[in-house]
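Asks: sequence and computational prediction follow.
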Amino acid sequence: MEKKVHSEDSGEGNAGEALAALRREITIWGDELGFDAVRVAGVDLSSAEAGVQAWLQAGFHGEMDYMSKHGSKRTRPAELVPNTCSVISARMSYLPDAADPVENLRDPERAYISRYALGRDYHKVLRSRLQQLANRIAGSLPHGYRVFVDSAPVMEVELASRSGLGWRGKHSLLLDRSAGSMFFLGEIYTDLVLPADPPVEEHCGSCRTCLDGCPTGAIVAPYRVDARRCISYLTIELKEAIPVSMRRLLGNRVYGCDDCQLVCPWNRFARTTAETDFSVRHGLDQASLTALFHWDEREFSERMAGSAIYRIGHERWLRNLAVGLGNAPTSSVVLAALAARRNDTSPLVREHVAWALAEHEGRR
């Protein structure tokens, strides 16, 4: 009997040693694949369920119905992918070598595009690297897994913070002391019972620069964002007209918003990405509103192919730009660009162009 127990204990010990060794290899492989850091979290997210439900019940998700339709799968990884025992969370910087974002925001004739969208679509880049990482793991120890990059009911920030990749900032994004917040996250749900990494200490303290710096007041409380007021939601997720009450607040932000990150003290340490796929394309880091507004649907499709911007389509692209032009200084160039689309085939575009022209008329 004693011999049998000893044998079983030895087997469990060998299995644990193998998993610990594999965990060390995952860090090495992640570095080789271009990730800034890779950590492991457990799957018990029960303590986060009440907060998710309160956020949904407050209606803060707006028209993002996908945030609620999956039920408990978001907070219970094993319901989304059966037999999931661990989550491998990876981080990759996206900050490109680009024109100064603050100068861009201060120039109302330029279009401001969120830094993450200036290059190629991050979904494809990260998914490919995570797949390669999952394959390497399978080559060492076969496992059941599924890769995610902002593509399913996955609590990526919650999992990343529990894995020790950083802590959740008051703007709800993940923060790291050495890298700020300008990075992408991706996950591998696996049935391997990998050693989990410990979380890190939070370092926001009494700081509230992100709350005070939000142009629309979307960060209604620390760690609580009302998406309906968020410029990223209004310019990307919202499919209908942008509420008139919000349009002036958008300024020249035509795709996403980085204000809460730009004012965050920790982003002094944000690292410029080494990933060439995230390099600026088509001069989007300092393009003028009028130049982009002149793109027809073919030109939009050709230039935005392979970009995260492509998914909003030409119609919403023009909608956003029309708002930016309505907020731009009145000039013959701006008025001519708007007038050229006064009779656009899209009712959505026509309505926003009419608003923009009325804004300029009201200033005269």
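Replies: Received it, and whenever you're ready, just let me know what you need.

Asks: Arg120 - nearest residue in space that isn't next to it in sequence?
Replies: Setting aside the residues directly before and after it, Arg120 is nearest to Asp277 in space (C-beta to C-beta, 6 or more residues apart in numbering), at 4.2 Å. Bear in mind the C-beta positions are built from the backbone N, C-alpha and C, glycine included.

Asks: show me what contacts that neighbour?
Replies: Gly119, Arg120, Val125 (C-beta atoms under 8 Å, 6 or more residues apart in numbering).

Asks: and the last one, backbone torsions?
Replies: Okay, so that is Val125. phi -60, psi -50 (degrees, to the nearest 10).

Asks: could you find the closest non-adjacent residue to it?
Replies: Asp277 (5.0 Å).

Asks: check what pLDDT the one you found gets.
Replies: At Asp277, the model reports a pLDDT of 96.

Asks: repeat that for the one 5 residues further on.
Replies: Per-residue pLDDT puts His282 at 96.

Asks: going forward, begin numbering at 25 instead of 1
Replies: Done: numbering now begins at 25, and the last item shifts to His306.

Asks: wait, isn't it in contact with Arg327?
Replies: Yes: using C-beta atoms under 8 Å, His306 is in contact with Arg327, at 5.2 Å.

Asks: neighbour count for those two, which is higher?
Replies: Arg327 (16 against 13; other C-beta atoms under 10 Å).

Asks: element containing the residue lying closest to Tyr90 once chain neighbours are set aside?
Replies: Take Tyr90 and drop its neighbours on the chain: the residue closest to it by C-beta to C-beta, 6+ apart is Pro177, 7.5 Å away. Pro177 belongs to no helix or strand when assigned by DSSP states H and E.

Asks: look up how far Gly66 lies from Pro177.
Replies: 18 Å (C-beta to C-beta, to the nearest Å).

Asks: neighbour-wise, which of the two wins?
Replies: Pro177 (20 against 17).

Asks: my guess is that one meets Pro101, correct?
Replies: No: Pro177 is beyond contact range of Pro101, at 9.5 Å (criterion: C-beta under 8 Å).

Asks: could you pull up the mean pLDDT of stretch 375-388?
Replies: Stretch 375-388 shows an average pLDDT of 95 in the prediction.

Asks: in it, what counts as buried?
Replies: Counting neighbours by 16 or more other C-beta atoms under 10 Å, one finds that the buried residues in stretch 375-388 are Glu375, His376, Val377, Trp379, Ala380, Leu381, Glu383, His384.

Asks: ditto for stretch 295-304
Replies: Thr297, Glu299, Asp301, Phe302, Val304.

Asks: what's the most distant pair in those residues?
Replies: Glu299 and Val304 (12.4 Å; C-beta to C-beta).
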